[in-house]
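# Here's a sequence, model it:
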Amino acid sequence: MTDRAALAKVFLNGTDWAGIEPVSLAGDASNRRYDRLTRGGESVVLMDAPPEKGEDVRPFVRIAKFLADCDLSAPRILAQDLQHGFLLLEDLGDDLFARVARAQPSLEHELYTAATDVLVQLHRHKPPELEPYSPEFMTEMAALAWEWYQRGIMGQANPDAFSQAFLPLLQAHASDQSVLIQRDYHAENLLWLPERLGAARVGLLDFQDARTGHPAYDLVSLLKDARRDVSPHLEQQIIAYYVEKTGSNQAEFEASYQVLGVQRNLRILGVFARLSMMYNKPSYVDLIPRVWGHLQDGLRHPALASVAPLVQKLPAPTPENLQKLKDQAGCAPRL
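Numbers count the residues shown, from 1 in each chain. Coordinates of the predicted model:
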């Protein structure tokens with residue numbers, strides 16, 4: 001038995017779920033892992049977030065409470081060990097939006113409308129005190145595309161010209177930090193709970209890295225999804241739906257949306273390359289072509305005219321270039 005397994009057993013022995021054998025669930029890009037415990041017709045989920053690997057469950061606990069106070073469906077926390085990084089959570093099931101949309105394509109519009117209702121409702125509430133997703137920080141995150149993606153393919157990185165041009169764009173179009181942004185708000189992190197009402201029909205999973213940011217950010221995350229295709233028609237329908245529900249200025253919102261989309265997808269290019277090169281997770285490289293497509297779409301918007309030529313200097317994700325990232329899987333030193 002590993003040290004973590006022994007600690008988990010001690011934690012569970014202090015709950016109503018002592019003696020129940022955990023069954024592993026899919027993990028994510030972090031060092032967290034998840035197990036399901038089942039007894040009769042009931043089940044719960046154990047989150048194992050090792051502090052020694054940089055994980056901290058306290059932000060999850062804090063944001064889960066805030067989301068619940070907004071009448072949204074974050075999992076209820078049934079027991080916690082903050083010191084050792086264990087949470088026992090309400091089990092919201094397995095009906096991820098991505099799975100439901102694949103099995104029942106006719107539900108796709110309803111799913112994405114419900115996910116947008118979550119954002120409309122969330123954005124009516126003043127966020128708790130959080131680190132801001134500021135233009136300066138977003139510029140730094142976008143530069144990961146050069147520091148990892150470009151470096152992994154070309155052996156060099158030179159983001160300075162891009163950063164100098166991109167920061168003023170973010171300051172002009174994305175300086176609003178008035179709402180809580182979950183940051184990974186997409187179909188693999190949302191659960192369909194059709195027995196609930198309104199925005200509560202959407203189960204929320206991945207929000208521990210929340211910051212304050214622009215209202216368009218999570219909508220970009222939802223619609224420019226690295227893991228599944230969202231049609232341009234549906235994308236435009238959902239943007240229009242959000243604008244109508246919130247009374248936003250459509251032209252200004254769409255400019256912010258596209259600028260944030262470019263920022264987010266540049267960051268993801270860098271993160272996916274880093275996950276392969278540093279953490280030996282080359283499967284993320286296979287997602288890069290879709291991310292690149294989102295990036296090219298965003299660069300067509302007039303608001304991005306000043307940075308588009310700089311971004312286009314990044315190497316395209318050809319099969320040869322993607323293979324270079326995979327060939328270096330696990331070879332980069334962990335910083």
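# Can you show me the CA trace of stretch 172-180 as PDB?
Presented in PDB, the C-alpha positions along stretch 172-180 are these (Å, rounded to 0.1, in the frame of the first residue of the first chain):
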ATOM      1  CA  ALA A 172      -8.200  47.600 -24.400                       C
ATOM      2  CA  HIS A 173     -10.500  44.600 -24.800                       C
ATOM      3  CA  ALA A 174     -10.100  42.400 -21.700                       C
ATOM      4  CA  SER A 175      -9.300  44.500 -18.700                       C
ATOM      5  CA  ASP A 176     -12.700  43.900 -17.200                       C
ATOM      6  CA  GLN A 177     -12.200  41.500 -14.200                       C
ATOM      7  CA  SER A 178     -15.600  41.700 -12.700                       C
ATOM      8  CA  VAL A 179     -16.700  38.100 -12.600                       C
ATOM      9  CA  LEU A 180     -15.400  34.700 -11.400                       C
END
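# Name the surrounding residues that touch it.
For stretch 172-180, contacts defined as CB atoms under 8 Å, 6 or more residues apart in numbering pick out 63, 66, 122-123, 125, 127-128, 130, 132-135, 138, 210-217, 252, 255-256, 259-260, 263, 303. From N, CA and C alone the C-beta is placed, and that goes for glycine too.
# tell me the contacts of the spatially most central residue of the chain?
The chain has residue 184 as the residue nearest its centroid, 1.3 Å off, counting by CA atoms, centre = their mean. Counting by CB under 8 Å, 6+ apart, residue 184 makes contact with 206-207, 209, 221.
# likewise residue 162?
142-143, 146, 307, 310-311.
# circling back: please check the contacts of residue 184 and keep the buried ones.
Buried members of these, counted by 16 or more other CB atoms under 10 Å: 206-207, 209, 221.
# In CSV: those, plus secondary structure, pLDDT and distance to residue 174.
Listed next are those as CSV, based on DSSP: H, G, I helix; E, B strand; the rest coil; pLDDT from 0 to 100; distance: CB to CB, whole Å:
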residue, secondary structure, pLDDT, distance to residue 174
206, coil, 90, 22
207, coil, 95, 20
209, coil, 93, 18
221, helix, 98, 14
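# can those residues go into a markdown table with extra columns for distance to residue 291?
Below are these laid out as a markdown table (distance: CB to CB, whole Å):
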| residue | distance to residue 291 |
| --- | --- |
| 206 | 18 |
| 207 | 21 |
| 209 | 19 |
| 221 | 12 |
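# Between those, which sits nearest residue 153?
Checking the buried ones among the contacts of residue 184 against residue 153 by CB to CB gives residue 221 as the nearest, at 25.2 Å.
# of all the buried ones among the contacts of residue 184, which comes closest to residue 33?
Nearest to residue 33 among these, counting by CB to CB, is residue 206 at 13.6 Å.
# Backbone dihedrals for the closest one, please?
Dihedral pair for residue 206: phi -120, psi 90, per degrees, to the nearest 10.
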